[in-house]
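Novice: The sequence isn't on hand, but the structure is:
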């Protein structure tokens, strides 16, 4: 109990910030996207695993949000190690802001004692972002009659795409009935600006956990067991 309390205290302390920001897409069925939540889930099944997630928010309007993510991971039991690959593509808005991230993940499993196991992990990824500036409308294009002039005086000194390296960390502690995890993405807070200037991607911290409730077997009907 003391170790469990200490672990909870450390996790809460790590995420007790005054302000948290993030610009990452989220999946409503987050439990079906384990590697997206925490790289420490890499290889946690003990087998080779392949998964695909898709989300389309507000599909009836043009400015919808569409996200696709796919992953594959494998556990190497003889090395207490697991590796994974995750690819996530997100498109949003009228201007078609699109980002594609390719990440490599590595997790290592440590047996703390006869009851608890710990899995630290790291993710290294590269992201590209593209934007269709031709679909944007600026203030100098609007006249008093409400018409839109196709010509703008706005000038951009860089291209319409950017790319950056990113880093994520994670960890999970678990026993037979309980697991607690924490992950941090965008450790470097990379600059994602399309123009001259700074637009850092805020760091994202996630805390998650679960508890398995054992249900005793009982008799249901004749010769049937209910759990």
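Specialist: The structure has been received and is ready for your questions. Just so it is clear, the model here is predicted, and its values are computed rather than measured. Numbers count the residues shown, from 1 in each chain.

Novice: what's the burial count for the closest residue to residue 187 other than its chain neighbours?
Specialist: Across the structure, with C-beta to C-beta, 6 or more residues apart in numbering as the measure, the residue nearest residue 187 apart from its sequence neighbours is residue 167 (4.3 Å). In short, each C-beta sits where N, CA and C put it, glycine included. Residue 167 has 16 neighbouring residues, counting by other C-beta atoms under 10 Å.

Novice: Equivalent analysis for residue 172, please.
Specialist: As a burial measure, residue 172 scores 24 neighbours (other C-beta under 10 Å).

Novice: Quick check: phi and psi on the residue nearest to residue 187?
Specialist: Backbone torsions of residue 167, given as degrees, to the nearest 10, read phi -140, psi 140.

Novice: So residue 114 versus residue 80, what's the distance?
Specialist: For residue 114, the distance to residue 80 under the criterion C-beta to C-beta, to the nearest Å works out to 16 Å.

Novice: and what of residue 207?
Specialist: Residue 207 is 25 Å from residue 80, where distance means C-beta to C-beta.

Novice: Can you tell me the SS state at the residue nearest the centre of the chain?
Specialist: Nearest to the mean C-alpha position of the chain, by C-alpha atoms, centre = their mean, lies residue 36 at 3.9 Å. Three-state assignment for residue 36 (DSSP: H, G, I helix; E, B strand; the rest coil): helix.

Novice: correct me, but it touches residue 86?
Specialist: Yes - in this structure residue 36 lies within contact range of residue 86 using C-beta atoms under 8 Å: 6.5 Å.

Novice: shared neighbours of these two, anything?
Specialist: With C-beta atoms under 8 Å, 6 or more residues apart in numbering applied, the overlap between the contact sets of residue 36 and residue 86 consists of 69, 71.

Novice: ok, and the closest non-adjacent residue to residue 29?
Specialist: residue 53 (7.5 Å).

Novice: Count the neighbours of the nearest residue to the residue nearest to the centre of the chain once chain neighbours are set aside for me.
Specialist: Counting by C-beta to C-beta, 6+ apart, the nearest residue to residue 36 once its immediate chain neighbours are dropped is residue 69, at 5.7 Å. When neighbours are counted by other C-beta under 10 Å, residue 69 registers 21.

Novice: Tell me which helix or strand residue 69 sits in.
Specialist: For residue 69, the host element (DSSP states H and E) is strand 65-76.
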